[in-house]
Structures are given as structure tokens and as C-alpha cells.
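**Q** Build me a model:
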Amino acid sequence: MITKRGNNTLLSEFNEVSKEKWIEKVVQDLKGADFTKRLVWNLPDGFSIDPFYMQEDMNGIEYLADFHNLTLNKEDQKEGPRSWIYKEKILIKDDISSNKEALDALAMGANGIEFKLSNGNYSILESLIANIDPCANPISFTNISNPSELFGQYLNVISNTSFNENNIKGSIDFDPLQALCHTGQLDKEDIDQLAKTIQLTKGISGFKVLTVNSKQFLDAGASASQEIGYLLSVFVEYIELLSSKNISLEDIVKSLVISIGVGTNFFLEIAKIRAIRILFYHILKSYSYKDFSPDLLFIHSDSSLWTKTIYDPYVNMLRNTTEAMAAVLGGCNSLSIAPFDEIYNQTNSFSSRISRNISNLMKEESYFDRVADPVAGSYYIENLSDKLVSSALNVFKEIESHGGFLESFNTGMIQKNIAVTRDRKHDLISKRREVFIGTNQYPNISESVNPDDVKLPEFRENKNVLKTSRGAEQFENLRMNTDKYVSIHGEENRPKVYLSLIGDNKIMRKARASFATGFFGCAGFDVIEGKVSENLTQSIDLAVQSNADIIVVCGSDDDYLNNGITYASKLKEKSKAIIVIAGNPEDKKEELKDAGVIDFINLKTNLIDSLQSFQKLLTII
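**A** Sure, this is the predicted structure:
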């Protein structure tokens, strides 16, 4: 609980300082800059978050205290007060090798397995789960075409072992409404299958067969509020569909697993999981379901595809770590972390081990399992959770007012709403206001990718379905165009950018050179920084001698105003290179263009549009 100052003898020695006084001090340190523009975080969800919160900001959101310590471990005394299942995902190659892969994963720290089956081949179940204890290590199945048949055969296998079928743990990820999102079609027989499977698993409390997914929304570019709101709407749709098949609400809830994606927006993702528990509690309360406690909601978290990159892929390890930490602190019950190279490489033992070890390190070295609810009472997290609850609830209400999830999806409303959010995100990424390290910021300019080794999925807008997207895909397509050009014409023909350093202002010269390096590095261009020269004539000679395709002039605004026109006009006489100025000298722009400057690059430049224009000028595209 949060204690008041009067109850804390140490803090009582100090005078209280109001939030307004703190903001006054911050504005003073900002030298009068606008506090809201500089420090307030505006989310795509339609609300803003202050840079700090105080106890006074907890007024009106005291209800959140009822949702603390919801994932306290009460079952396994060997585990810490906060425990989670690390679920290793295994794509079935053959039953023997996949069984060995599962056993190796369990020996190395995983405590759950998810098998991705194919072609409805359930005859391999016995050899697939050999030597795995399904009561201690939950076994899950995905990519299922007939869940009732799968579960029937699974029980037959269990019956031939010493394990009690009533004590098995695991799940079946069979989500017809998720399939609708990807294919645009809903097979009514799938709902019958789902109802039949729920009936088959009654009495087996540890095995759940209704998995409601939201990752398809996140990976299509949805905001956190949209992801939660649509998740709630899908769940309500299942209640209606399964109730029509005579499945009780109690059986639906007992069969339920919520499977979500987790992104790198650390505090937001923590709050997202907390908001899901709160809102599911209120949804079921509205159905007069009295026996539901939010701690009963089983939440599985997956690392996001939206956040992963092909270039500088080892940064994906850091992204996975951030996502896993947020999931655990938010209160997930189980966790899967995709291999860092999943989007361009076949699953291998190295990348799988690295992902698994993120969970191991959180337990064995960082002790994330030793505190039941470490973010409970955090002013910042609590306020973010409250705003996310309100925003997601509004999304849910909007969908329900339009007839529910099925109706809204079939009319294209959900797809349109997500597309608007996705495009807004891509715009921020293209302007580098949202950063992808190694892709749109600090690219490794010495890195290249063989286009033949990577098959990037082509994104096509389709109002009937949700298409998986990634934040970095625009930059990857851009850079891949350069790498394709080089693979055809040779490395010696990689576009060359020369940074011509002018003027005496060392700080601006270096800052703009660094900016230009990162700017053109995002397109896979070779960037060479020139030497500081004694005069303009020498600078021009060095630029010409570089034989660069693009020459970027890097100096201060005063240098551009005083010498830019002369520099550009003389350089144009001696070189056919594209002349660019790093900066935005508004007063002289038109004159500089007349002198030969083709473009200006600065912090407000849209990288995607600008770099594509340079690729066109260089006949790369």
C-alpha cells in the first residue's frame, strides 16, 4: 500500500512539494520551453501521459488497489511468490526429432511446450510427448484443424501412461475468429468443433481449449487500446456463439486462455496486461458471473512481430528482453519468446536457447519471481493503467454499438481503424520520431543482406483481412532495394555519399555529418566523411575527387548563408553528383536550389520519401 507522508517519520521531516511546484522547476530547467510539448507523451490511443506522477494523482483511481497481487503463486511452494511458465514453441519436423527438441528445452529451463502440428497428423502424439510429464509441464497444441479429434487422441495416449488425465495441464490454440482476421472467412463448423471440445474437457481444469488471441491486432499495427478493445469484443462474440451451442458461461470461462502480443513500449505493455484483467473482470460482472476473480484469468504473452527487424538483427535480442520483462511485470501466467532471427531464418538451437535464457535470467539472476507484484502502487503505472482501461473500454463500446466483432469486421470497420493507426505509426517511424535502433536510427552501414537469402512478405492492403505488418518494413524494403541493386551491379557500384565539411563551427559540422551518416545509412548507401579543409576551394576539390554519387554539405546555417551559393555553384561546375545540404536554411533555400542544390535534409524530413527520391535519381528503383 502507498503510505501517506504523515505515517512516514523519515519523509515527515521534509516540506511537501506540490506537482505544480515540480512542474515550475522543470520549466525553469527547460529555460521556459513548453512543458507539454517537450515532456508530455502523446499516445496513438488518444490520451497523453505526464513525465511523472505523485500521490495526489492517485485520487479517483483507488479501485486499482483491488487488482494488486493477482498473480501471487499459491500452488508451487518450490517457486517464488511470482512464477510463470516459459513455453517453448516447437515446429514439428518429425515426431522423434521434435520430441528430442522438447526434452532438451525442458532440460534447459523451459517448463512448458507448444507443438505446432501440421496436416492434422495426430497419430504421432504418443512418440511426440514421450518422456514428458504433462501434469508438471503443460503441453499445448496449435495449428489445429480438428480440436475435438486431437484431444480425443491425446486422452487415449495419456490413458496408456501412468499420468492421471484429470491432472494434465496445457491448452489447444484453436481460435476461429483469429482465423477470420487472417482469411476473411468464418467456418461455422469450427464453432461446433469448439463447443464439442469444451464439452470433452469439462472436469480437467488444467487443460484449456478456448484460446482468444489478440496478437493479430498488435502485429497489424493496432494501438494498445484497440488491441484490448477488440480482444474484449472477440471474447463477447465467443460467449454469444458458444451460448447458442448450449455451452454455459461457466464452462466458457474455465476453458479460457487469453493470448496476447507484447511490444517494446515497456510501461505501456505492463499497463496493458493489468488493464486486460480489470476489463475482463468487469465484462464478466456485467454478465452476472459471480464466481470470477481476475486472478483466475490465464494470460499467455508472446513477443511481438511488429517490433522485429532483419537488419542489425541482434538488437532483436534486446527487444525480446524488454518485451519479456514487461510481460512478467504486467502479470502474465505464461510466456513465449520468439527466436531473434525468426522472421528471416529457420529456427535453430542457438537462437532458441538465447530466447529461453531471457526467461532463465529473469528468474535466476534478476529475481523477477521473488516479488509478487513489483509495480503495484506505482503512481506512473497506475495512472497509465487507468487511462488504458478507459480508452480500451471506449473502443469496445464502439464495436458493440456497431453490432459486435463479427459485424464490425465483416463491414471492414476494424480493419480500417487499425490501418489508420498503423499508417500513423509508420509515419512516426519514417520521421524517426519512433526509433528502431539499427534500422531507422544508428544503422550499421557496413552491413548488407543478400536479397536471395531473405524473402520479405509483400504487404498489400486488403480491407477484408488483417495483414501482418512490421514497424521496420518500410526501411527494410528501402535498404533491400539498394542491396538488390548492388547484388546485380557489384559492390563497387554501391551508392557513395561524401560528407563535405565546411566552416569553423565544429559542433554543427560534426552534428550534421553524424545526422547525414545515419540518414543515408538507412538506405544502405556507403558514407564517407571528408576532411576539414582550409578553404572552400579545397573542400570542393576533395568533394570532386571522392567520385561520390551524392555530396552532402555539412556546416552551420551561417556557413550556408555566407558561402552556400558559391560552394554549390562551383561544385556543380566540376561534378555531376547530387548536391544536398544537411540543414534547413529557409532564407536561402530557393537561391541555393538555383545554385545547384537538389535537396535539404533535416530532423523534419520524411526519410522514406526522401531516400526513395534519391534511389530514383540513382536509378536504383
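**Q** So what does the closest residue to residue 575 other than its chain neighbours have for phi and psi?
**A** With sequence-adjacent residues excluded and distances taken as CB to CB, 6 or more residues apart in numbering, residue 575 is closest to residue 544, at 4.9 Å. (C-beta placed from N, C-alpha, C; glycine too.) Taking degrees, to the nearest 10, you get phi -70, psi -40 for the backbone angles of residue 544.
**Q** swap in residue 115?
**A** Torsion angles, degrees, to the nearest 10, at residue 115: phi -90, psi 130.
**Q** Measure how buried it is and give me the count.
**A** The burial count assigned to residue 115 is 25, neighbours taken as other CB atoms under 10 Å.
**Q** same question, residue 32
**A** A count of neighbours around residue 32, defined by other CB under 10 Å, yields 8.
**Q** In the stretch 451-600 of the chain, what residue spans correspond to helices?
**A** Applying DSSP state H, counting those that start in this stretch to the stretch 451-600 of the chain gives helices spanning 473-489, 506-521, 536-545, 557-574, 589-595.
**Q** ok now the first one, how far from the chain's centre?
**A** In this case it means helix 473-489. Helix 473-489 has its average C-alpha position 24 Å from the chain's average C-alpha position, going by CA atoms, centre = their mean, to the nearest Å.
**Q** now what about it, what contacts it?
**A** When contacts are defined by CB atoms under 8 Å, 6 or more residues apart in numbering, helix 473-489 is touched by residues 309-311, 426, 429-430, 436, 439-440, 443, 448-452, 454, 456, 459, 470, 493-495, 522-525, 607-608, 611-612, 615, 620-621.
**Q** neighbouring contacts of the strand or helix carrying residue 28?
**A** Under the assignment given by DSSP states H and E, the secondary-structure element containing residue 28 is helix 19-29. Counting by CB under 8 Å, 6+ apart, the neighbours of helix 19-29 from elsewhere in the structure are 33, 35, 39, 51, 52, 54, 56, 57.
**Q** Out of those, which end up buried?
**A** 39, 57 (16 or more other CB atoms under 10 Å).
**Q** ok, residue 82 touching residue 370?
**A** Yes: in this structure residue 82 lies within contact range of residue 370 using CB atoms under 8 Å: 7.2 Å.
**Q** Geometric centre of this structure: which residue is closest?
**A** Centroid check for the chain by CA atoms, centre = their mean gives residue 263 as the closest residue, at 2.8 Å.
**Q** Might one say that that residue is in contact with residue 323?
**A** Yes: taking CB under 8 Å as the definition, residue 263 is a contact partner of residue 323 at 6.5 Å.
**Q** joint contacts of those two?
**A** Residues touching both residue 263 and residue 323 (CB under 8 Å, 6+ apart): 269, 304, 307.
**Q** Ranking by neighbours, what's the top pick from those residues?
**A** Each of those was scored by neighbours using other CB under 10 Å; the highest score is residue 269's, at 25 neighbours.
**Q** Ramachandran coordinates for it?
**A** phi -70, psi -40.
**Q** so it touches residue 262, yeah?
**A** Yes: using CB under 8 Å, residue 269 makes contact with residue 262 at a distance of 5.0 Å.
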